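S.K.: Below is the sequence, then the predicted model.
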Amino acid sequence: MVMRRFGVLAAVASAAVLALGALPQSAAAETFKLAYSTWVGYGPLFIARDKGFFEKEGVDVELINMEDPKLRFAALAAGKIDALATTIDTMPLYLKPDAPKYKYLFALDDSKGGDGIVATKEIKSIADLKGKKVAFGEGTVSQFYLDVLLKEAGLKESDVQAINMTAGDAGSAFVAGNVDAAVTWEPWLTRGKQAEHGHLLTDSSSTPGLITDVVLAPESVIDKRGGELKAIYRGWIQAVEFVKTNPDEANAIMAKGVGGWLKEPAVFAETLQGIVYYDQAANEAFFGSAGKMGGLKKTVGNALDVWSGLGKLQVKVAPEDLVSHIAFEK
């Protein structure tokens with residue numbers, strides 16, 4: 001079960017943030033703390049750590065597992081961590097008038113079939129979802145993904161019968177015949193299309209750049225620790241190149257590092273087929289420049305439009321306000 005997009009009780013998040021506060025001050029001053037969740041896309045971070053790429057670039061990175069986005073953003077706002085990894089669409093939900101200003105720094109991975117929609121066979125297009133029971137997780141990347149596709153088809157979320165479920169429960173409900181469609185991921189995409197009544201309506205391979213994980217940080221961290229952020233990016237790029245040239249060793253390192261449901265290299269390698277890592281060329285094309293942003297601008301714009309339309313945004317910003325190009329500076 002993919003954990004990067006789910007939340008837990010706020011009380012648990014608060015307790016964990018307080019626990020982070022107990023870290024020795026000396027460690028906090030010397031170490032750059034980057035939070036992540038259990039997701040195949042974050043694997044190269046562990047290669048950069050374990051193969052010494054971060055050390056070679058002169059930065060000491062502590063990778064901290066935090067499954068709940070509420071926990072990660074609470075810790076980031078409190079200064080208990082320095083940066084975090086998440087999907088692009090998640091960050092605007094945590095922008096508040098009285099909170100730090102966050103900016104995207106560089107891209108990690110892109111979903112290329114790892115997310116999708118399974119539907120009954122009579123539903124042959126996104127437009128055919130109108131009036132149908134569609135299961136997805138509210139406030140998650142699944143909702144964002146669905147709403148963008150609905151918008152492109154001339155519909156909005158209110159045109160479908162929305163059923164709030166986790167991705168796993170949504171897939172299970174579809175296989176059981178309790179909903180007409182489900183926004184989900186593996187293994188439920190495969191199980192859904194193998195069901196007698198089901199097929200794969202669409203998946204993220206047709207929407208490159210839409211479901212993308214990034215590293216982000218507050219402006220204060222960018223200002224004070226820009227050199228370390230550049231070093232982390234360089235370490236990431238070296239790790240992605242290592243994956244290309246040493247896939248078996250890379251999968252073993254990444255599976256062990258990410259752990260959880262991905263702890264077995266074979267499972268990690270299979271899940272990896274649904275994403276693509278961003279190397280230097282892909283990052284530079286996606287982020288573009290301060291004067292001419294790449295595909296990131298459209299994705300951020302979609303996130304702002306979707307969450308604003310659902311009344312979930314607390315501040316008014318433009319895509320350009322949320323991007324830093326410091327990682328690409330020489």
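M.R.: Here it is on my side, so go on. Numbers count the residues shown, from 1 in each chain.
S.K.: Make sure Leu126 is actually in contact with Lys151.
M.R.: For residue 126 the amino acid is Ile, not Leu. No - judged on Cβ atoms under 8 Å, Ile126 makes no contact with Lys151 at a distance of 9.7 Å. Heads up, the C-betas are built off the backbone N, CA and C, glycines and all.
S.K.: Between the two, tell me which one has more neighbours.
M.R.: More neighbours surround Ile126 than the other of Ile126 and Lys151, with 21 against 16 (other Cβ atoms under 10 Å).
S.K.: The more buried one and Ile88: what is the separation?
M.R.: As judged by Cβ to Cβ, to the nearest Å, Ile126 and Ile88 stand 21 Å apart.
S.K.: swap in Val221?
M.R.: 18 Å.
S.K.: same thing with Val40?
M.R.: 17 Å.
S.K.: How is this protein partitioned into domains?
M.R.: 10-111+210-328, 115-206 (automatic domain parsing).
S.K.: Lowest average confidence across the ones you listed, which one?
M.R.: Per-stretch mean pLDDT for the domains of the chain is lowest at domain 10-111+210-328 (a mean of 92).
S.K.: Would you map the strands across the stretch 1-150 of the chain?
M.R.: 32-36, 61-65, 83-87, 102-111, 115-120, 133-136 (DSSP state E, counting those that start in this stretch).
S.K.: Centre-most residue in the protein?
M.R.: The residue lying closest to the centre of the chain (Cα atoms, centre = their mean) is Thr87, at 2.5 Å.
S.K.: what about that residue, distance to Ser206?
M.R.: Thr87 is 18 Å from Ser206, by Cβ to Cβ.
S.K.: Give me the contacts around stretch 220-234.
M.R.: 32, 34, 48, 53-54, 57-59, 61, 82-83, 100, 103, 105-106, 215, 217, 283, 324, 326-329 (Cβ atoms under 8 Å, 6 or more residues apart in numbering).
S.K.: go on, stretch 167-183?
M.R.: 1-2, 5, 115-120, 123, 129, 132-137, 140, 142-143, 145-146, 163, 165, 184-185, 187-189, 191-192, 195, 197-198, 201.
S.K.: ok so, going back, can you list the strands of the stretch 1-150 of the chain in a markdown table and add distance to Gly171?
M.R.: Below are those laid out as a markdown table (distance: least, Cβ to Cβ, whole Å):
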| stretch | distance to Gly171 |
| --- | --- |
| strand 32-36 | 24 |
| strand 61-65 | 25 |
| strand 83-87 | 19 |
| strand 102-111 | 16 |
| strand 115-120 | 7 |
| strand 133-136 | 8 |
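S.K.: closest to Gly260 out of the ones you listed?
M.R.: Checking the strands of the stretch 1-150 of the chain against Gly260 by Cβ to Cβ gives strand 61-65 as the closest, at 8.3 Å.
S.K.: Okay, buried residues for that closest one please.
M.R.: Using 16 or more other Cβ atoms under 10 Å as the test for burial, strand 61-65 gives 61-64.
S.K.: Distance from it to the middle of the chain?
M.R.: 16 Å (Cα atoms, centre = their mean, to the nearest Å).
S.K.: Okay, buried residues for stretch 179-193 please.
M.R.: Buried, per 16+ other Cβ under 10 Å, within stretch 179-193: 179-186, 188-189, 191-193.
S.K.: Quote the end-to-end distance of that stretch.
M.R.: Terminal residues of stretch 179-193 lie 14 Å apart, using Cα to Cα, to the nearest Å.
S.K.: could you list every residue that touches Gly113?
M.R.: 203-205, 273-274.
S.K.: Format those as CSV; extra columns: distance to Trp307, secondary structure and neighbour count.
M.R.: Shown next, in CSV, are the contacts of Gly113 (distance: Cβ to Cβ, whole Å; DSSP: H, G, I helix; E, B strand; the rest coil; neighbours: other Cβ atoms under 10 Å):
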residue, distance to Trp307, secondary structure, neighbour count
Asp203, 23, strand, 21
Ser204, 19, helix, 24
Ser205, 24, helix, 15
Gln273, 30, coil, 12
Gly274, 25, coil, 22
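S.K.: which among those residues gets closest to Pro69?
M.R.: Ser204 (19.4 Å).
S.K.: Could you give the backbone dihedrals for His325?
M.R.: The phi and psi values for His325, taken as degrees, to the nearest 10, are phi -110, psi 20.
S.K.: Spatially nearest residue to it (excluding sequence neighbours)?
M.R.: Spatial nearest neighbour of His325, excluding adjacent residues (Cβ to Cβ, 6 or more residues apart in numbering): Ala290 at 5.4 Å.
S.K.: Straight-line length of stretch 203-212, end to end?
M.R.: End-to-end for stretch 203-212, by Cα to Cα: 14 Å.
S.K.: Contacts for that stretch, please.
M.R.: Here stretch 203-212 makes contact (Cβ under 8 Å, 6+ apart) with 87-89, 107-117, 141, 144-145, 148-149, 189, 274, 278, 286, 295-296, 298-299, 302.
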